[in-house]
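In: Starting from these lines, generate the structure:
(chains A, B, C and D)
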There are 2 protein chains.
Amino acid sequence: MRDAHHPETRDLSLVEVLSALGDPVRLGLVRLLADGRERGWGQLRAPVAKSTLSHHLRVLRDAGITRTRQEGTRCYVALRRADLDTRFPGMLAPLLESAEALDAGAGVSLGEPEKP
Amino acid sequence: MRDAHHPETRDLSLVEVLSALGDPVRLGLVRLLADGRERGWGQLRAPVAKSTLSHHLRVLRDAGITRTRQEGTRCYVALRRADLDTRFPGMLAPLLESAEALDAGAGVSLGEPEKP
DNA sequence: TTCGATGTTTGACGAACATCGAACAAGCTA
DNA sequence: TAGCTTGTTCGATGTTCGTCAAACATCGAA
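Out: Predicted coordinates for the structure are as follows:
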């Protein structure tokens, strides 16, 4: 995360976004963020190794789907909902609703809020 | 196409659909079909070899995005819009609108309607 | 029946991807 | 300072993907 590259809203690519969402782990992560709240990485429970989770979060960030913020050694991630709605009007909400309704991206869940 | 397998509406997977759409050629093909009209394969112009186009159309069919019909030696393909709307309510329309607005999947276009 | 048109399948290839463990870097904290 | 926590990066590995050419299958027409 030293060079956390976040693409501009106007540069978001539809193909790239869809491709990034076309993975069960990543779609599950996005589902967790659908409520708009920022989450610490420590809360994210996924059935993959730490390095793999890091990779998926990077793919989401590179596609412009999430925004990552570092605070000390902790990292926090949030959905770029406004930017996505600007670039792809009306697309995100029904997509997230379907993901929720169909329980897509199972295996990803929310753990304990991390202690200081 | 001898065993043209079309998944049931209730079996459509969101991850699989998004993954299938996360390719420029396939998204371009879906764009061409967005008007709901059935198209003959001979009309589909894509910057890939014939076999590659066949492969992409198969991926779309397997994901349940399109329906393929054979008539003699000709094949026709159409978007399963009603089925997709049933399974993923409200998702398709804004997605196709964004694809159109951003000219996603460029390189795919419509050629001459084939002669008998 | 032979020919041509239309798709499909197969085999092959490199590129990209998902995954892991291990090593590394950065920043708190004791 | 030393140590702990947190996340990144680095190989390495096996898989999937996109692509093509070539061979094959199928159907209609001459």
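In: Using PDB, write out the CA atom coordinates for the lengthiest helix in chain A.
Out: Longest helix in chain A by number of residues (criterion: DSSP state H): helix A:50-62. Extracted as PDB, the C-alpha positions of helix A:50-62 are listed here (Å, rounded to 0.1, in the frame of the first residue of the first chain):
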ATOM      1  CA  LYS A  50      -3.500 -13.300   4.100                       C
ATOM      2  CA  SER A  51      -1.500 -12.700   1.000                       C
ATOM      3  CA  THR A  52      -4.300 -13.800  -1.200                       C
ATOM      4  CA  LEU A  53      -6.700 -11.500   0.500                       C
ATOM      5  CA  SER A  54      -4.200  -8.700   0.000                       C
ATOM      6  CA  HIS A  55      -4.200  -9.500  -3.600                       C
ATOM      7  CA  HIS A  56      -7.900  -9.400  -4.000                       C
ATOM      8  CA  LEU A  57      -8.200  -6.100  -2.200                       C
ATOM      9  CA  ARG A  58      -5.600  -4.800  -4.500                       C
ATOM     10  CA  VAL A  59      -7.600  -5.900  -7.600                       C
ATOM     11  CA  LEU A  60     -10.700  -4.200  -6.200                       C
ATOM     12  CA  ARG A  61      -8.700  -1.000  -5.500                       C
ATOM     13  CA  ASP A  62      -7.100  -1.000  -9.000                       C
END
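In: quick one: is it near chain B?
Out: No. Residues of helix A:50-62 are not located near chain B by Cβ under 8 Å from any Cβ of the partner chain, the shortest gap being 11.4 Å. Using the backbone N, CA and C atoms, a C-beta is placed for each residue, glycine as well.
In: Quick one: residues contacting residue A:41.
Out: Residues in contact with residue A:41 (Cβ atoms under 8 Å, 6 or more residues apart in numbering or on different chains) are A:53, A:57, A:74, A:75, A:76, A:77.
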